[in-house]
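Colleague: Have a look at this prediction, sequence included:
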Amino acid sequence: MRLLLATATHAQAWRDAFAAALPGAELHVWPDAPPEVDYALVWKPPPECFARVRVRRAIANLGAGVDALLRVPTLPADVPVLRLTDAGMAEQMVEYVALAVLRAFREQREYARQQRDGRWMPRPRLDKTSYRVGILGMGVLGSAVAQGLLPLGFPLAGWSRRPRRVDGVATWSGADGLDRVLAGTCVLVCLLPSTPDTRGLLDRRTLARLPRGAHLVNVGRGDLVVEPDLLALLDEGHLASATLDVFDAEPLPAGHPFWHHPRIDVTPHVSAATLFHASAAQVAARIAAHARGGPLDGVVDRALGY
Ligand code: NAP
Ligand code: GLV
């Protein structure tokens, strides 16, 4: 089996992980590429890659979100695209979101300010029974986050494209469903993919439907949020805080207003890191099963964009 590995970063770590996961395969690392391979293993590959190399069987995206790959103009239309599903990311996402939700609920930002001012001022406990966490995107990661939050006792609401049933979560879909989720949500967690239907979804109109004092946690993609609208709602006090791991432009440019905004926490796209060995093991198992004549697991619906 002949493979091409083409990643924008960490080529050596990926090479080692795939060499261990598929020891019998002939592994080429871009730009050292033959004219034809069976499978391509890619993360943000250069467009020349698909212009120079014909991929016969499938292209495996070495990440959960395929938005960057689907934008590569040379991506062949007739080759299936796979994405990572969990592969060690769900546990990390649960940790990140739980931390953000608890910081919001326990008003850690207020207490940090009081400490800076040298003020000792206990605040009344917030009512957890009405402190709802709303999760946009109830796929692999959103559902894991919901399961991780359940034991903490917050009422949970989830939103997806198609109706879904998830134990312990009030689930909604469609435009009406989004309104219902937003109306009662104190912390809004965004775990949607970036697609033609979701880009710019979190604009002023949508975010303003959250109750005053709500918090936003965006761990999906930066372009789901209209950044100037978010800034305006924070500055007007409609939103209390935003915890942002993903941005329109990454790395977040120097001088961007998010860097020093008093109500924004910035992390550099680390809420769920791609784990080289767990990811390579997942992709290797899928490829091996497919090469033996089995179905492909983890195929993306390119028309939907996720
Ligand atoms: P997934 O399993 O495909 O789940 C996507 C969810 O979004 C599904 O519930 C889907 O609805 C919903 N959705 C898609 N389009 C929608 C629409 N138009 N309206 C309402 N709901 C919609 O994806 P995942 O593995 O959970 O990953 C989600 C995203 O997380 C990735 O695409 C990526 O952008 C981001 N991510 C970020 C990091 C990070 O470190 N920050 C790491 C990994 C992933 P259905 O259930 O109806 O299909
Ligand atoms: C990371 O953001 C991913 O999509 O895996």
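Modeller: That came through, no problem. Just so we're clear, the structure is a prediction, and the values are computed from it rather than from any experiment. Ligands and ions are numbered 1, 2, ... in the order given.
Colleague: what's in contact with the helix or strand where residue 233 lies?
Modeller: Assigned by DSSP states H and E, residue 233 belongs to helix 227-235. With CB atoms under 8 Å, 6 or more residues apart in numbering as the test, helix 227-235 has contacts from 202-204, 207-208, 216, 239, 241-242, 247-248, 257-258, 261, 263-264. Every C-beta, even on glycine, is put in place using the N, C-alpha and C of the backbone.
Colleague: Tell me who's in contact with the closest residue to ligand 1 within the stretch 101-250 of the chain.
Modeller: Shortest the stretch 101-250 of the chain-to-ligand 1 distance, computed as CB to the nearest ligand atom: residue-wise this is residue 139, at 1.7 Å. Contact partners of residue 139, counting by CB under 8 Å, 6+ apart, are 160, 191, 193, 306.
Colleague: Okay, it and residue 193: tell me how far apart.
Modeller: Computed with CB to CB, to the nearest Å, the distance linking residue 139 and residue 193 is 8 Å.
Colleague: which residues are common contacts for the two?
Modeller: Joint contacts of residue 139 and residue 193 (CB under 8 Å, 6+ apart) are residue 306.
Colleague: How far away from the center of its chain is the helix or strand hosting residue 93?
Modeller: In the assignment (DSSP H and E), residue 93 maps to helix 89-105. In terms of CA atoms, centre = their mean, to the nearest Å, the centre of helix 89-105 is found 13 Å from the chain centre.
Colleague: After that helix, which helix or strand is next?
Modeller: For helix 89-105, the succeeding helix or strand toward the C-terminus, using DSSP H and E, is helix 108-117.
Colleague: ok, the residue nearest the centre of the chain to ligand 2 distance?
Modeller: Geometric centre of the chain, nearest residue: residue 220, 3.3 Å, by CA atoms, centre = their mean. Distance, residue 220 to ligand 2, by CB to the nearest ligand atom, to the nearest Å: 9 Å.
Colleague: Can you name every helix or strand that the next helix or strand after the helix holding residue 233 contacts?
Modeller: Heading C-terminal from helix 227-235, the first helix or strand you meet, by DSSP H and E, is strand 239-244. Contact analysis of strand 239-244 by 3 or more CB pairs under 8 Å, 6 or more residues apart in numbering; DSSP states H and E lists helix 89-105, strand 214-218, helix 227-235, strand 264-266 as its packing neighbours.
Colleague: do strand 239-244 and ligand 2 meet at all?
Modeller: No - Strand 239-244 lies out of reach of ligand 2 by CB under 6 Å from any ligand atom, never closer than 13.3 Å.
Colleague: List the contacts of that strand.
Modeller: 100, 103-104, 109, 207, 210, 213-218, 222, 225, 230, 233-234, 258, 263-267.
Colleague: ok but residue 38 is inside a helix, no?
Modeller: No - counting by DSSP: H, G, I helix; E, B strand; the rest coil, residue 38 falls outside a helix, being strand.
Colleague: How many residues are close by it?
Modeller: 17 (other CB atoms under 10 Å).
Colleague: How confident is the prediction for it, by pLDDT?
Modeller: We have a pLDDT of 98 for residue 38.
Colleague: How about the contacts made by it?
Modeller: Contacts of residue 38 by CB under 8 Å, 6+ apart are 1-3, 55-57, 291.
Colleague: Residue 295 now?
Modeller: Residues counted as contacts of residue 295 (CB under 8 Å, 6+ apart) are residue 289.
Colleague: And the one 3 residues further on, by the same measure?
Modeller: The neighbourhood of residue 298, defined by CB under 8 Å, 6+ apart, consists of 60, 82-85, 282, 286.
Colleague: 7 Å - rerun?
Modeller: By CB atoms under 7 Å, 6 or more residues apart in numbering, the contact list for residue 298 reads 82-83, 85, 286.
Colleague: hmm, back to that, got the confidence number for the residue of the stretch 101-250 of the chain closest to ligand 1?
Modeller: 98.
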